[in-house]
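Q: the amino acid sequence is not available; the structure is as follows:
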C-alpha cells in the first residue's frame with residue numbers, strides 16, 4: 001500500500017511537542033498517524049486558559065480537514081475544543097479523554113483516573129467525567145503532583161520528563177497513586193494525560209490491572225470510525241463565526257448565503273464584510 005492510499009489521522013499537538021506520537025504498534029495497517037501542530041502554545045489551569053486552548057485546537061482541526069486528513073485526534077485528555085470542532089468539520093474528531101474513559105468503562109464496572117497533574121486541574125477532569133456520563137463509573141481522580149510543583153513539571157528534572165524517561169522515583173510516585181485508586185475499588189486505571197503514554201506498560205505491569213493509554217485509545221477509535229465510515233452529526237446550522245479563524249482564511253469553510261443564515265445575519269448586522 002502506497003503512502004497516497006493511507007488513511008491519514010491528524011495528531012493535534014502544540015508546537016514543539018516532541019515525543020507525543022502514537023506508539024507504532026497502535027497504528028493499524030492502512031493508516032498513518034501524523035503530527036499536526038497548533039499555531040500557539042496551550043495552557044489549561046483555569047477556564048480562560050482552557051477556552052483559548054480549545055480555539056487553538058479547533059483552528060488546527062479546521063486546517064487538518066482542509067489538508068485532506070481522514071480524522072482528527074485531539075492529543076490531550078482535556079479534549080479542548082472537541083465540541084466546537086465537531087460542529088465545524090465533516091470528518092471524525094476523537095478526544096483522548098473521551099476515548100480513554102469509554103475504553104476503561106468497557107473493561108470494568110469501576111475505573112479511576114490517574115494523572116501526574118496536580119489538584120488545581122481537578123475541575124477539568126470532573127467536568128469531563130460528568131459531561132461524558134462517566135461520573136458514576138469513576139471512583140475518583142488521583143493527582144500525583146502537588147500544586148506547588150506545577151510551574152516546573154515540564155522542565156528538566158520535572159515530574160513529566162522524569163516519568164517519560166521511566167525514572168524510578170517518578171514511576172514509584174505514580175504507582176502509589178494508582179494503588180490508591182485500586183483500594184477505592186477501581187478495576188481499571190485510565191491515564192489522565194497523553195504525556196503518560198510512554199509509562200503505560202510499566203504502570204500496567206506494576207499495578208496488575210488494565211491501564212488505558214489515552215493516546216493509543218484515541219487513535220484506535222479514530223481508525224474504527226474511519227473504517228466504519230462514521231462521523232459525528234453535522235451541525236444543524238453551519239458555524240458562521242468559524243470563518244474568523246485562520247484555518248478558514250483561504251476559503252475552506254463554506255459561509256451560508258444571506259437567505260439561509262437566519263437570525264445570525266441580523267445579529268451580526270449589515271456592516272460585517274468579513275463574513276460575506
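A: Right, received. Where do you want to start? Here the structure is a predicted model, which means the values were calculated and not measured.
Q: all helices for the protein, in order.
A: 47-66, 82-86, 96-107, 122-131, 159-164, 168-183, 200-207, 214-228, 263-268 (DSSP state H).
Q: between those, which gets nearest to residue 29?
A: helix 214-228 (9.9 Å; C-beta to C-beta). (Each C-beta comes from the backbone N, C-alpha and C, glycine too.)
Q: distance from the closest one to the middle of the chain?
A: 12 Å (C-alpha atoms, centre = their mean, to the nearest Å).
Q: kindly report the same for stretch 190-209.
A: The answer for stretch 190-209 is 17 Å, by C-alpha atoms, centre = their mean.
Q: just the terminal-to-terminal distance for it.
A: 11 Å (C-alpha to C-alpha, to the nearest Å).
Q: closest to residue 9 out of the helices of the chain?
A: helix 214-228 (4.9 Å).
Q: list the buried ones in the closest one?
A: 214-223, 225-226 (16 or more other C-beta atoms under 10 Å).
Q: related to what we said a few turns ago, using CSV, lay out the helices of the chain together with mean pLDDT and distance to residue 10.
A: As requested, these are exported to CSV (pLDDT from 0 to 100; distance: least, C-beta to C-beta, whole Å):
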stretch, mean pLDDT, distance to residue 10
helix 47-66, 92, 4
helix 82-86, 94, 11
helix 96-107, 98, 13
helix 122-131, 96, 21
helix 159-164, 96, 23
helix 168-183, 98, 29
helix 200-207, 98, 22
helix 214-228, 98, 9
helix 263-268, 37, 29
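Q: what distance do you get for residue 113 to residue 8?
A: Distance of residue 113 to residue 8, given as C-beta to C-beta, to the nearest Å: 30 Å.
Q: ok, those two, which is more surrounded?
A: In this view residue 113 and residue 8 are compared by other C-beta atoms under 10 Å, and residue 113 has more residues nearby, 29 against 19.
Q: who does that one bridge with?
A: residue 141, residue 190 (DSSP bridges).
Q: what residues are up against it?
A: Counting by C-beta atoms under 8 Å, 6 or more residues apart in numbering, residue 113 makes contact with 101, 125, 129, 138, 140-142, 181, 189-192.
Q: could you measure from residue 81 over to residue 41?
A: Residue 81 sits 15 Å away from residue 41, taking C-beta to C-beta as the criterion.
Q: tell me which of these two has more neighbours.
A: residue 81 (28 against 11).
Q: and the residue lying closest to residue 32 once chain neighbours are set aside, how many neighbours?
A: Among residues not flanking residue 32 along the chain, residue 6 sits closest, at 4.5 Å (C-beta to C-beta, 6 or more residues apart in numbering). The tally of other residues near residue 6 (other C-beta under 10 Å) stands at 16.
Q: mind listing what's buried in stretch 29-45?
A: Here stretch 29-45 shows 31-33, 36, 38, 42, 44 as buried, counting by 16+ other C-beta under 10 Å.
Q: so which of the residues you listed are in strands?
A: Judged by DSSP state E, strands contain the following of the buried residues of stretch 29-45: 31-33, 36.
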